[in-house]
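Undergrad: okay, sequence plus prediction incoming.
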Protein chains: 2
Amino acid sequence: MLYPQPVAKLIDSYMKLPGIGAKTATRLAFFTIDMDDGDVQEFQDSLKAIKTDLGHCSQCGNITDVDPCLICQDVNRDHSQILVVEQPQDIMALENMHSYRGLYHVLGGVLSPVKGIGPDELRIKSLLQRLQTNSQVEEVIIATNATPDGEATAMYLSKLIKPAQIKVTRLAHGLAVGADIEYADEMTLQRAVEGRRQL
Amino acid sequence: MLYPQPVAKLIDSYMKLPGIGAKTATRLAFFTIDMDDGDVQEFQDSLKAIKTDLGHCSQCGNITDVDPCLICQDVNRDHSQILVVEQPQDIMALENMHSYRGLYHVLGGVLSPVKGIGPDELRIKSLLQRLQTNSQVEEVIIATNATPDGEATAMYLSKLIKPAQIKVTRLAHGLAVGADIEYADEMTLQRAVEGRRQL
């Protein structure tokens, strides 16, 4: 059956979201029909705000509604460390651990010759500028993912930054806390052995 | 970490949808940030339309953007049959089978003393009016769900309608097509035996 047009359009919109197929989208659309008017209005407003009020921090590239972002503004944070991540979501995950107190820098992806992403497509120039203008920085921690592209990007950045006499480190890779050695993949085990520490 | 306010609000809105928890809502919100501007605008518009352009058909109670709805308007449908359902979604499911050609009537729920839903909370009065004013109607098919409340509502409607010399029927309950007898629940098996037909 043809759904009434407003319902069909809402189903289409829900289906554009990741992991939501036709059945789920239909269920969500019918749920939305019965939702409180105020909640639906808030939903609309928040969709609007996400496109109008949100931008990238001019310093670190994180998504933010104030510029510079709250982390870059924070004088209580350690401005001598910059942790380089691929995307803003990575910052959220790192902040949830509540122990890193330095600054961040969002690349916006990783170098990928296959996808045609070179250094100019990423926030690499602005990272180097930050290091030049800010003499406080003592350490750059590279936290790109452990994919081939992520590793290559880490190596590339390290070569660019090292001449400036700034320490460049990389997040440790190894067994996840709570993981069984029995079920670990070869790459993870290899990293765990390579990165072994003296007790 | 505190997300920027627009992100936090969108996560809240997504979390109001059924089956979407904090992690999924966050993933959807970050996906939305990167979505095409036009798609997000369409999403907003469809949320707006669902609350402004959609209403209930004055005849059958189905959700619709035109009144009477397309099914009630359709002169090619069989106006001598009315199939009574609990909610508009049931109509969509029945229409997908492409074989029922009669009309519908949406109760808007079922009688439930526990939830305080009596005959006045449902579209029962308008159903009886439809039967009185429309002498074409020969059969009312009651398709409430096979829950205790659904069964009670079916019995209640049947007693109200029968005096008007209109045939009242109920959808068959039994084994689903493709279902194993081995795994069927007792109630379903009981209905299947009760409703057995001669070959």
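TA: Good, I have the coordinates.

Undergrad: check which helix or strand residue A:196 maps to.
TA: If you go by DSSP states H and E, residue A:196 is not part of any helix or strand.

Undergrad: same question but for residue A:126, I mixed them up
TA: Counting by DSSP H and E, residue A:126 is found in helix A:125-133.

Undergrad: show me what that helix is packed against.
TA: strand A:78-85, strand A:102-106, helix A:148-161 (3 or more Cβ pairs under 8 Å, 6 or more residues apart in numbering or on different chains; DSSP states H and E). In this view, the C-beta of every residue, glycine as well, is placed from N, C-alpha and C.

Undergrad: quick one: mean pLDDT for that helix?
TA: Averaging pLDDT along helix A:125-133 gives 93.

Undergrad: ok so, going back, deepest in the core, which of the helices and strands packed on helix A:125-133 is it.
TA: Most buried of the helices and strands packed on helix A:125-133, by mean neighbour count (mean count of other Cβ atoms under 10 Å in any protein chain shown): strand A:102-106, with a mean of 24.

Undergrad: for the spatially most central residue of chain A, what are its contacts?
TA: Centroid check for chain A by Cα atoms, centre = their mean gives residue A:87 as the closest residue, at 2.4 Å. By Cβ atoms under 8 Å, 6 or more residues apart in numbering or on different chains, the contact set of residue A:87 is A:106-109.

Undergrad: same question for residue A:33.
TA: A:7, B:50, B:54, B:63.

Undergrad: what subset of the contacts of residue A:87 is buried?
TA: For the contacts of residue A:87, a neighbour count by 16 or more other Cβ atoms under 10 Å in any protein chain shown gives the buried set as A:106-109.

Undergrad: could you pull out the buried residues of the lowest-mean-pLDDT helix or strand in chain A?
TA: Sorted by mean pLDDT, DSSP states H and E, the helices and strands of chain A end with helix A:186-194, the least confident at a mean of 85. Of the residues in helix A:186-194, A:188, A:191-192 count as buried by neighbour count, 16+ other Cβ under 10 Å.

Undergrad: read off the pLDDT value for the residue nearest to the centre of chain A.
TA: Predicted confidence (pLDDT) at residue A:87: the value is 92.

Undergrad: for residue A:3, grab the count of nearby residues.
TA: 19 (other Cβ atoms under 10 Å in any protein chain shown).

Undergrad: which is the next helix or strand following the helix or strand hosting residue A:13?
TA: Assigned by DSSP H and E, residue A:13 belongs to helix A:5-15. Moving toward the C-terminus from helix A:5-15, the next helix or strand (DSSP H and E) is helix A:22-34.

Undergrad: just give me how far that following helix sits from the chain centre.
TA: 30 Å (Cα atoms, centre = their mean, to the nearest Å).

Undergrad: wait, does the helix or strand following that helix contact chain B?
TA: For helix A:22-34, the succeeding helix or strand toward the C-terminus, using DSSP H and E, is helix A:37-52. Yes. Applying Cβ under 8 Å from any Cβ of the partner chain, one finds that helix A:37-52 is in contact with chain B at A:37, A:39-51.

Undergrad: which residue is the nearest non-sequential neighbour of residue A:189?
TA: Computed as Cβ to Cβ, 6 or more residues apart in numbering or on different chains, the closest residue to residue A:189 that is not its neighbour in sequence is residue A:181, at 7.1 Å.

Undergrad: residue A:58 reaches residue A:66, doesn't it?
TA: No. Counting by Cβ atoms under 8 Å, residue A:58 sits too far from residue A:66 to count as a contact (10.8 Å).

Undergrad: picking that back up, from the contact counts, what lies against the helix holding residue A:13?
TA: In terms of contacts (3+ Cβ pairs under 8 Å, 6+ apart), helix A:5-15 is packed against helix A:22-34, helix B:37-52.

Undergrad: sorry, back to before: of the buried residues of helix A:186-194, closest to residue A:3?
TA: residue A:188 (47.6 Å; Cβ to Cβ).

Undergrad: beta partners for residue A:168?
TA: Going by DSSP bridges, residue A:168 is paired in beta bridges with residue A:140.

Undergrad: can you tell me how far residue A:16 is from residue B:42?
TA: In this structure, residue A:16 and residue B:42 are 9 Å apart, going by Cβ to Cβ, to the nearest Å.

Undergrad: I should have written residue A:108 there, sorry.
TA: 26 Å.

Undergrad: for residue A:166, same thing?
TA: 46 Å.

Undergrad: and what of residue A:61?
TA: For residue A:61, the distance to residue B:42 - Cβ to Cβ - is 28 Å.

Undergrad: can you report how many residues lie near the closest residue to residue A:21 other than its chain neighbours?
TA: With Cβ to Cβ, 6+ apart as the criterion, residue A:21 has its nearest non-adjacent residue at 6.9 Å, and that residue is residue A:15. Residue A:15: 15 surrounding residues under other Cβ under 10 Å.
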